[in-house]
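Undergrad: 3D model of this:
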Amino acid sequence: FQRTIHIQSTSRSKIIREFTMSEIFSEVEIRKLPKMRVGSFIVISRYPEIQVVDYMHQWAKKQSSPALPDQRGFGFDYPVSDAQKKLGMRGYEFWLSIPEDWRESDYVVIKEIPEDEYAVLRITEPFADPFDSIPTGWKKLSAWVKNGYCKGKWSQTRYCLEEVIEKEGKTNMDIYIPID
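TA: Modelled structure (predicted):
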């Protein structure tokens with residue numbers, strides 16, 4: 001996904017921006033996600049991603065005092081009505097991987113997610129410019145799948161996912177499209 005920069009009558013800031021955008025995306029790789037047991041919660045609001053992730057992490061703290069080192073979180077857009085869209089609302093569902101002994105509580109539903117195979121693209125520091133880098137990442141990954149490298153297979157039970165990974169002070173986002 002490297003962009004070739006052609007310098008003609010382009011401004012310096014645009015050249016720097018294009019170069020920077022090409023550096024934040026990884027090559028696409030094929031990855032298998034294992035079967036997971038997850039707690040799932042949905043928020044519909046103007047800022048659903050922040051609210052749903054915060055809620056789920058608070059729920060997890062109530063379930064277990066020590067943090068789970070291998071706990072993973074995955075999110076994806078959740079459909080909203082036309083009336084909700086007109087009010088500027090969006091929906092987001094978030095899954096948090098959980099151990100077998102955790103039970104449903106409050107509004108959190110437990111789901112069993114089967115093992116599945118995905119095309120995956122990593123976005124480095126996605127929140128530096130989230131309204132540009134994340135949609136651009138999805139466009140790049142979708143184009144890769146549509147160009148025939150593999151067959152995308154999303155449905156009502158197979159989701160396109162986002163996973164935020166924070167390590168050593170750096171934030172990355174892996175985006176996933178299920179494939180066959």
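Undergrad: can we go C-alpha only for contacts and neighbour counts from here?
TA: OK.
Undergrad: Which residue is the nearest non-sequential neighbour of the spatially most central residue of the chain?
TA: When Cα atoms, centre = their mean is applied to the chain, the residue found nearest the centroid is residue 162 (1.1 Å). Computed as Cα to Cα, 6 or more residues apart in numbering, the closest residue to residue 162 that is not its neighbour in sequence is residue 175, at 4.6 Å.
Undergrad: host element of the one you found?
TA: For residue 175, the host element (DSSP states H and E) is strand 170-178.
Undergrad: any weak-confidence spans in the chain?
TA: 1-22, 65-67, 154-156 (pLDDT under 70).
Undergrad: Tell me where the protein has helices.
TA: Ranges of helices within the chain are 12-23, 48-63, 82-86, 130-144, based on DSSP state H.
Undergrad: How about the contacts made by residue 73?
TA: Contacts for residue 73 (Cα atoms under 8 Å, 6 or more residues apart in numbering) come out as 94-97, 163-164.
Undergrad: Check the gap between it and residue 81 for me.
TA: In this view, residue 73 and residue 81 are 25 Å apart by Cα to Cα, to the nearest Å.
Undergrad: same thing with residue 28?
TA: 33 Å.
Undergrad: Looking at those two, which one has more neighbours?
TA: Between residue 28 and residue 81, residue 28 has the larger neighbour count (other Cα atoms under 10 Å), namely 19 against 10.
Undergrad: Distance check, the more buried one against residue 142.
TA: 10 Å.
Undergrad: now do residue 110
TA: Residue 110 is 29 Å from residue 142, by Cα to Cα.
Undergrad: what does residue 37 give?
TA: Residue 37 is 27 Å from residue 142, by Cα to Cα.
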